[in-house]
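Undergrad: From the sequence below, what's the structure:
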Amino acid sequence: MTMSDNQPSPRAALVRESLVFQLKLLADGFRDFVMVPISLVATAVGLIRSPDDPDREFRQVLGLGRETERMINLFGSYERDATTNDLDKLVDRVEDLLREQIRRGDVSGSAGLMLGKALDRLHNAAVAEKPKGE
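TA: Purely as a prediction, here's the structure:
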């Protein structure tokens, strides 16, 4: 059975999924790093600004956090739709651009072949080291 050009191998799909997850983890970590001081400043501003509505700015920060959480969609908890801009769509666009570049011959396709061979070697080494009976 041969794989079509549109259907990546299970190994390639895993590598892609893992790389996208790593990108999302980085984005989520950066968002958290930025949100710590922003939330503290919003709290201080609210306490100083208004005794009657001190949490207005903090609620805005929470809203921003929910919005960026949806955009990052770290664990795929949110449904993707045509109107939402998210990290997955950005990755899809970059991937489409790279595929088009490869199709036109602007980017070498040998990198993918080298990755496949490296994965084969890793797999063969792992199988060779596996204890008998597993």
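Undergrad: Which neighbouring elements make contact with the helix or strand hosting Pro37?
TA: For Pro37, the element it lies in under DSSP states H and E is helix 10-49. Helix 10-49 is packed against helix 56-72, helix 87-104, helix 110-129, with contacts defined by 3 or more Cβ pairs under 8 Å, 6 or more residues apart in numbering; DSSP states H and E. No exception for glycine: its C-beta is placed from N, CA and C like everyone else's.
Undergrad: run the last query once more with 7 Å
TA: Judged by 3 or more Cβ pairs under 7 Å, 6 or more residues apart in numbering; DSSP states H and E, the packing partners of helix 10-49 are helix 56-72, helix 87-104.
Undergrad: where does the protein have its least confident helix or strand?
TA: In the chain, the helix or strand scored least confidently by mean pLDDT, DSSP states H and E is helix 110-129, which has a mean of 62.
Undergrad: if we can go back for a sec, looking at the helices and strands packed on helix 10-49, which is closest to Leu25?
TA: Nearest of the helices and strands packed on helix 10-49 to Leu25, taken as Cβ to Cβ: helix 56-72 at 9.1 Å.
Undergrad: Only the buried residues of the closest one, if you could.
TA: Using 16 or more other Cβ atoms under 10 Å as the burial criterion, the residues of helix 56-72 that qualify are Glu57, Phe58, Val61, Leu64, Thr68, Met71, Ile72.
Undergrad: want to try CSV for those, with distance to Arg16 and pLDDT as columns?
TA: Shown next, in CSV, are these (distance: Cβ to Cβ, whole Å; pLDDT from 0 to 100):
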residue, distance to Arg16, pLDDT
Glu57, 40, 94
Phe58, 38, 95
Val61, 33, 96
Leu64, 29, 94
Thr68, 23, 91
Met71, 20, 89
Ile72, 17, 90
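Undergrad: now the residues you listed in CSV, with distance to Asn85?
TA: CSV is the format used below for these (distance: Cβ to Cβ, whole Å):
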residue, distance to Asn85
Glu57, 25
Phe58, 25
Val61, 20
Leu64, 15
Thr68, 11
Met71, 7
Ile72, 11
